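In: Just a sequence and a predicted model for now, questions to come.
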Amino acid sequence: MLKINEIFYSIQGESSFAGYPCVFIRLAGCNLRCSYCDTRYAYDEGDEISIDSIMHTVKEYNCRRIEITGGEPLLQEETVNLARKLLNNQYQVLIETNGSKNINVLPDGVIRIMDVKCTGSGENDKMDWENLNRLNFRDEVKFVLASRKDYDEAKQVIQKYNLIGRSKVLLSPVEGMLPIANLAGWILNDSLEVRLQPQLHKIVWPEETKGR
Ligand code: SF4
């Protein structure tokens with residue numbers, strides 16, 4: 001059984017899959033409390049649902065791409081079994097994780113989209129830094145930045161772990177805190193080979209209060 005906050009079908013808003021249709025399985029519970037979190041509703045609310053029942057629900061959507069998200073999906077041990085079952089049923093499986101838990105528990109074939117928390121999140125001391133060494137070319141690393149200080153930190157981490165070329169690197173501004181044009185200018189000025197990442201779903205549905 002997994003504690004599920006919601007299952008829904010939408011446009012992928014982030015990562016290099018932004019713009020593609022995707023079924024989202026949002027797991028309840030998170031071990032962090034980021035200052036800019038837009039999915040606080042997933043901290044506690046959720047129902048216990050079996051993997052078979054989840055499979056039945058996702059099958060109803062005509063979509064082969066599934067993202068497991070949260071909250072923090074790796075807090076629940078059964079997440080690994082859900083990912084394996086989805087892969088065995090020929091789904092493309094993405095997982096969004098906050099970087100605080102060992103990503104190598106996931107089966108091969110899962111595309112891991114991992115946050116690196118900067119100081120502005122208030123949670124950067126919770127990172128499992130060894131995860132940066134566990135990334136492969138399929139994976140994506142996402143920095144959500146609230147300030148120039150966060151940007152400079154991200155650059156240091158990118159350099160220290162030689163991330164460019166090893167995996168995809170995404171930089172996103174915190175909405176309302178860092179104008180995206182500022183971030184674009186810094187990236188261009190530094191000739192940084194990273195992807196600037198607006199939250200596409202918030203452009204499509206700006207009135208939605210939920211993080212989708
Ligand atoms: S890790 Fe994600 S879900 Fe958890 S508090 Fe941070 S932004 Fe929110």
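Out: Sure thing, it's come through.

In: hey, let's count contacts and neighbours off CA atoms from now on
Out: Will do.

In: Could I get the phi/psi values of Leu178?
Out: Backbone torsions of Leu178, given as degrees, to the nearest 10, read phi -130, psi 110.

In: Quick one: residues contacting it.
Out: 145-147 (C-alpha atoms under 8 Å, 6 or more residues apart in numbering).

In: In strands, which of those residues fall?
Out: Using DSSP state E, the subset of these located in strands is Leu145.

In: By neighbours, which of the contacts of Leu178 wins?
Out: Leu145 (28 neighbours; other C-alpha atoms under 10 Å).

In: Not counting residues beside it along the chain, what's closest to that one?
Out: Distances taken as C-alpha to C-alpha, 6 or more residues apart in numbering put Pro173 closest to Leu145, at 4.8 Å, once the chain neighbours are dropped.

In: Contacts only, for that neighbour.
Out: Residues near Pro173 by C-alpha under 8 Å, 6+ apart: 144-146, 179-180, 183, 197-198.

In: now swap in Asn124 and tell me
Out: Shown in contact with Asn124 (C-alpha under 8 Å, 6+ apart): 116-118.

In: how about a cut-off of 10 Å?
Out: 32, 34, 99-100, 116-118 (C-alpha atoms under 10 Å, 6 or more residues apart in numbering).

In: and if you look at Gly176?
Out: By C-alpha under 10 Å, 6+ apart, the contact set of Gly176 is 36, 146.

In: If we use 7 Å, what do you get?
Out: Not one residue lies near Gly176 by C-alpha atoms under 7 Å, 6 or more residues apart in numbering.

In: per-residue pLDDT, it?
Out: If you check Gly176, the pLDDT there is 90.

In: May I have the secondary structure class of it?
Out: At Gly176, secondary structure determined by DSSP: H, G, I helix; E, B strand; the rest coil is coil.

In: which parts of the lengthiest strand in the chain are buried?
Out: Counting residues, the longest strand in the chain under DSSP E turns out to be strand 2-11. The neighbour-count check on strand 2-11 (16 or more other C-alpha atoms under 10 Å) flags 2-7, 9, 11 as buried.

In: Show me what it is packed against.
Out: Contacts defined by 3 or more C-alpha pairs under 7 Å, 6 or more residues apart in numbering; DSSP states H and E place strand 2-11 against strand 21-27, strand 47-49.

In: Out of the contacts of Pro173, grab the one that's most surrounded.
Out: With neighbours set by other C-alpha under 10 Å, the maximum within these is found at Leu145, which has 28 neighbours.

In: Which parts of the chain are strands?
Out: Here the chain has its strands, by DSSP E, at 2-11, 21-27, 47-49, 65-69, 92-97, 111-116, 140-145, 168-173, 195-196.

In: In JSON lines: those strands, plus mean pLDDT and distance to the ligand.
Out: Shown next, in JSON lines, are these (pLDDT from 0 to 100; distance: least, C-alpha to the nearest ligand atom, whole Å):
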{"stretch": "strand 2-11", "mean pLDDT": "97", "distance to the ligand": "12"}
{"stretch": "strand 21-27", "mean pLDDT": "98", "distance to the ligand": "10"}
{"stretch": "strand 47-49", "mean pLDDT": "98", "distance to the ligand": "17"}
{"stretch": "strand 65-69", "mean pLDDT": "98", "distance to the ligand": "8"}
{"stretch": "strand 92-97", "mean pLDDT": "98", "distance to the ligand": "7"}
{"stretch": "strand 111-116", "mean pLDDT": "98", "distance to the ligand": "8"}
{"stretch": "strand 140-145", "mean pLDDT": "98", "distance to the ligand": "9"}
{"stretch": "strand 168-173", "mean pLDDT": "97", "distance to the ligand": "12"}
{"stretch": "strand 195-196", "mean pLDDT": "96", "distance to the ligand": "18"}
